[in-house]
Every structure is written in structure tokens, then in C-alpha cells.
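> Fold the following and give me the result.
(one chain, ligands or ions: 1)
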Amino acid sequence: MMNHAAKAGKFLADLKRADWHDQTLWIMRKKRDKAVSCVPEWEELRDKASQIKEHVLSNLDAYLLQFEVEAVKNGAQVHWAFDSESFNQKVYSIINGYQAQKVVKSKSMLTEECGLNPYLEDKGIEVVDTDLGERIIQLRGEPPSHMVVPAIHLKKEEIGELFHSKLGTEKGLADAQKLTSAARQHLRKKFLSAEVAITGVNFSVAETGTVVVCTNEGNADMGVQIAPVQIHCMGIEKILPRVEDLGIFIQMLARNATGQPITTYTSHYQKPKPGGAMHIIIVDNGRSEHLGNSKYRDSLKCIRCGACLNTCPVYRRSGGHSYNYVISGPVGSILSPIYSINKYKDLPFASSLCGSCTNVCPVKINIHQQLYSWRQEIFEKRLIPTSKRYGFKFAGKILASSRYYNFFGKNIRWALKHLPRKVLYHRINIWGRCRELPPAPDKTFNQWYQENYKRN
Ligand code: SF4
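Numbering: from 1, shown residues only. Modelled structure (predicted):
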């Protein structure tokens, strides 16, 4: 498996795309800043949201059981799944129980995490993702590159080509409105023939047994209203105690994600339609183990707004597919090592540790500190290449001693000025492959300060 750096290198080979990707996400970040600045109590909301999540994580057992009791009272059927396998089996057995073959699904990172689509397709079930971005990547056979805007890495010309080959639209079509209209026509037929609708869950409310799904396209509602059977899939961490808590999270989710005041549709599902059936599957898949890890449990507070991706300079310049984990960006880099530190050991290093992710997080997850902490664990477990490990040790010694620091600084400044380029920029200098060092200064800051300090 290629690591993050190698995949990022591939993405960066197309510099135009990398620039455009970077700028598009930065526009989202700016929209977010504008929307957030319109809410004077934003920081109070962040505190409150973080406290509610903290409280929920400490009382998860009680709230989940309360949720189950209330949901069953409302007429829903509640199921529990310990891991991805039992989740996939459960979904299939529900679908099979109704002898259904056609499923429409709205966006759900949990079903991505569990590999639900390939599992159902192997059993002969047609699963159609109905979120436009999700449908695009499904037609391309790709995973999402961003948790909120899954096809953000694609240009409309590429989508035009895809629709031409898969949906029969005219060749060369690159008009966003016409492409959307073609997708709408295509999806309408799928909605009308669906027997089961699957949705993810943004929030669930313990006191009422309600699940809440936020979309901009209304595709979750369309699926649920038309198909006789609805299945809602939620991770155990999605629970909130009271309906009034929703007011805080709904205000924050879309603002922080895309800069909208609220998602176009915020749907509350509480009971089955007349003559229909409603199933809710509560999924653990490693979360309860994660909960017991005091250093990293805070990452379970995540509401999947995607803001930490939009602001991350590394994510913006490397693209979501460089991250080898279903959730990309900074939050994916702190979640993935919990599942396998060996497999995802490169991801905590895919960060500048600038802290911007932590600053924008609506539930105040200390993302950059967790990244740093993972790096230390990975280093201690000797999971990084030996050359890097010794490099870090060597750098640590130099940075810890002013004598060594001054000595090496002086020599490096001399080398940068006098050595030929080919000695400095070569195959082993990976850092220098895409970057130029600035000209070496004549003196250090320390020297400059001493001189100016004495003068003044
Ligand atoms: S970690 Fe925070 S900023 Fe990142 S997606 Fe989750 S809630 Fe949003």
C-alpha cells in the first residue's frame, strides 16, 4: 500500500488540480469564517457543544438504552451491531426479510467505514447512492475524498465525461446545471423503484428516540418517503440527551461545514410511515474500545463537519485519496491509528501541526495535540523508518543545545552559500525535490538581536 507521502506526490504531479483543490477548499473555509462571525456567541456554543459531547461519552450506556426504549415505543425496530461484519449482515438480513432487491442510500460515512455497498452488491442487491457527489464517486468506483463534499477532487468536465459514458448524456457536456438535471432524472427512476431506503444519522435524541438526518439535496427524505422500508444507521457516539441540545449542534454543523446557516433539509424521523417499517441499527465497530482510551477518546465528539479538512494545508494540497482511510484529513489521522497503528502510522505525520484544525473544530477536539501524541507513540513503537528515527534523534540533540545549534547553523549557512547545487539538491534530499530553500541570511537572529539590543 502506498503511504500518504507517495499518494500526495501523485496528486501533486498535477499541479493545476492541486492549486484548484487548494483554492476551492479555502473558499469553503472563508465562507465558514464569515458565517461563524455572524454568531457572536460562537465560542460559547463550542464550549457547550463540547461539554454535551463529554457528558454523553461519559454516560453513553444510559443514553443508548434510553434511546432504544423510546424508539421502540415509537414503533421503530432497534438493532445493535458490534462490528462492521455484524452490521453488514444485519442490514442484509433486514433487506432480505422484505425480499427486497433495490436500495437507495443517502450519504453515510458509517456505511463507507463498514464497506456496506460492496457487501450488499455481492449478495445481488442494487445499492444506489443518492447524494449527487456520492453517486458520482460510486459511478467512478472510488471512495469519497471528503466527508461533506465527496467529489470535491473532480472538475465538471470530468463529471461530464463520466455521465456521458454511464448515463448517456451528450459528449462534452460541462454545464453544472445540465449535469445536475441529468443526475436528477437518473436518480428519480431509482427513487421510484426503491424498496428500501438507507440513511446515515447526524444526531439521535435519547429522550424522544428520534434520528436526525441533515442533507442539502433532500435525497434522504425522498428515499424514506417513497420506499416502504427505512433503515437508519448510526454510530453509538451520535446520541444527544435532549431535543434542546439539537439547537446547538444544528446551528453549528452547516455553518462550520460549508458556511450555510443551516442545511437545506434537517429531517427528524421518529416513527414508521403508515404501512411501512422503520429500523435503526446502532453500531459500535471499535468505538467502545476507543472510548476507553483516555488520550484519544475526545475524537469521538466529532460531528463530521469537515472543517478541519478544509482548513488543513496538507489536506488541501494532497487530496482526500492520499489518506488510505475512509475519513481523510486531520480527524481521519487521529481516528485511524486507533484501529491499526501499524497500518496508519504515516497519517499523524501528514500535518504541519499548525493547530488550525483545533481552532475550527466546533466541539473543541484537540486535534493537533492528538496528532503530536500519536507521533510520539509511533516513534516509541519504532514504527517509523530507521533513517527518520535517527534523524529525529539527531535533530533533537541539536535543537536542545545552543552550542550545537549555533555550530551547525553556522556551517549550514556556509554550505548553502558555497556548495554547488547538485551537492544540496539530489535524490536523497526528498525535502528539496519540490522546494527551494530561501537564501541563507548573513547572520542569525541571535546576532542581529545582540547588535540591535546593544545599539538601543
Ligand atoms: S474533528 Fe471537529 S472540525 Fe473535524 S470534522 Fe470532526 S467536528 Fe468537524
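> any idea which helix is longest in this protein?
For the chain, the helix reaching the highest residue count under DSSP state H is reported as helix 15-37.
> So that helix, near the ligand or not?
No. In terms of Cβ under 6 Å from any ligand atom, no part of helix 15-37 sits within range of the ligand; the closest distance is 9.9 Å. (Glycine included, C-beta is placed from N, CA and C.)
> contacts for that helix?
Helix 15-37 is touched from outside by 11-12, 42, 149, 152-153, 155, 255-261, 307, 309-311, 315-317, 319, 360, with contacts defined as Cβ atoms under 8 Å, 6 or more residues apart in numbering.
> same thing with stretch 417-429?
Defining contact as Cβ under 8 Å, 6+ apart, one finds that stretch 417-429 is touched by A415, L416, G432, R433, L437, A440.
> give me the number of residues near the second one?
Using other Cβ atoms under 10 Å, the number of residues around L416 comes to 14.
> Contacts only, for it.
L416 is in contact with L424, L437, P439, A440, counting by Cβ under 8 Å, 6+ apart.
> And it, which helix or strand is it part of?
When secondary structure is defined by DSSP states H and E, L416 falls within helix 402-418.
> Name the residues of that helix that are buried.
By neighbour count on 16 or more other Cβ atoms under 10 Å, the buried set for helix 402-418 is G409, R413.
> Past it, which element shows up next along the chain?
Using DSSP H and E, the first helix or strand after helix 402-418 is helix 421-424.
> Please tell me how far that next one is from the chain's geometric centre.
Here helix 421-424 shows a centroid-to-chain-centroid distance of 40 Å under the convention Cα atoms, centre = their mean, to the nearest Å.
> Then stretch 385-394?
Relative to the chain's own centre, stretch 385-394 is displaced by 30 Å; criterion: Cα atoms, centre = their mean.
> what pLDDT, on average, does that stretch get?
In this model, stretch 385-394 has an average pLDDT of 88.
> Use 39 as the first number from now on
New numbering, starting at 39: the last item is stretch 423-432.
> Can you give the contact residues for it?
F417, R420, I422.
> run the last query once more with 7 Å
The list of residues contacting stretch 423-432 from outside it, by Cβ atoms under 7 Å, 6 or more residues apart in numbering, reads F417, R420.
> same question, stretch 403-421
For stretch 403-421, the surrounding residues in contact (Cβ under 7 Å, 6+ apart) are 333-334, 336-337, 339-340, 346, 368-369, 371-372, 375, 379-380, 383, 386-387, 389, 391, 393, 395-396, 399, 422, 427, 430.
> List only those of the residues you listed flagged as buried.
Neighbour counting over the contacts of stretch 403-421 (16+ other Cβ under 10 Å) leaves 334, 336-337, 339-340, 346, 368-369, 371-372, 375, 379, 383, 386-387, 389, 391, 395-396, 399, 422 as the buried ones.
> Where does the prediction get shaky in the stretch 389-494 of the chain?
Low-confidence regions of the stretch 389-494 of the chain, defined by pLDDT under 70, span residues 492-494.
> Close to the ligand: what parts of it are there?
Within reach of the ligand by Cβ under 6 Å from any ligand atom, the stretch 389-494 of the chain has these residues: V398, C399, P400, V401, I403, I405.
> what's the closest non-adjacent residue to the third one?
Going back to what we said before, that points to P400. Once its chain neighbours are removed from consideration, P400 has its nearest residue in M290; the separation is 4.3 Å (Cβ to Cβ, 6 or more residues apart in numbering).
> Now do the same contact list for that neighbour.
Shown in contact with M290 (Cβ under 7 Å, 6+ apart): L83, A87, P400.
> Just the closest of the residues you listed to the ligand, please.
Sorting those by how near they are to the ligand, with Cβ to the nearest ligand atom, puts P400 at the top with 5.5 Å.
> Angles on the backbone of that closest one, please.
Dihedral angles of P400 (phi, psi; degrees, to the nearest 10) stand at phi -70, psi -20.
> Around it, count how many other residues there are.
26.
> Does it touch C343 like I think?
Yes. Counting by Cβ atoms under 7 Å, a contact exists between P400 and C343, whose distance comes to 6.1 Å.
> so what's in contact with these two at the same time?
Each of N294 lies in contact with both P400 and C343 under the rule Cβ under 7 Å, 6+ apart.
> Quick check: can you list the domain ranges of the chain?
Domains of the chain are assigned by automatic domain parsing as 77-323, 424-490.
> can you map out the strands along the stretch 89-238 of the chain?
Secondary structure of the stretch 89-238 of the chain (DSSP state E, counting those that start in this stretch): strands located at 115-119, 140-143, 164-167, 234-237.
> Which of those strands sits closest to N323?
Closest approach to N323 among those is made by strand 115-119 (7.3 Å; Cβ to Cβ).
> in that closest one, what's buried?
Taking 16+ other Cβ under 10 Å as the neighbour-count basis, strand 115-119 is seen to contain the buried residues V116, H117, A119.
> Closest to the ligand out of those?
Of all the buried residues of strand 115-119, A119 has the smallest distance to the ligand: 22.4 Å, by Cβ to the nearest ligand atom.
> ok, so of the contacts of stretch 455-467, who is nearest the ligand?
The ligand has its nearest neighbour among those in R471, at 29.9 Å by Cβ to the nearest ligand atom.
> roughly how far apart are the closest residue to that closest one other than its chain neighbours and the ligand?
Beyond its immediate neighbours in the sequence, the residue positioned closest to R471 (Cβ to Cβ, 6+ apart) is Y463, lying 8.0 Å away. Separation of Y463 from the ligand (Cβ to the nearest ligand atom, to the nearest Å): 36 Å.
> picking that back up, can you name the two of the contacts of L454 that sit furthest apart?
Among the contacts of L454, the pair separated by the greatest distance (Cβ to Cβ) is L462 and P477, which sit 12.4 Å apart.
> Where in the chain is the helix or strand with the lowest mean pLDDT?
Per-element confidence for the chain was summarised using mean pLDDT, DSSP states H and E. The lowest value among helices and strands belongs to helix 483-493, with a mean of 82.
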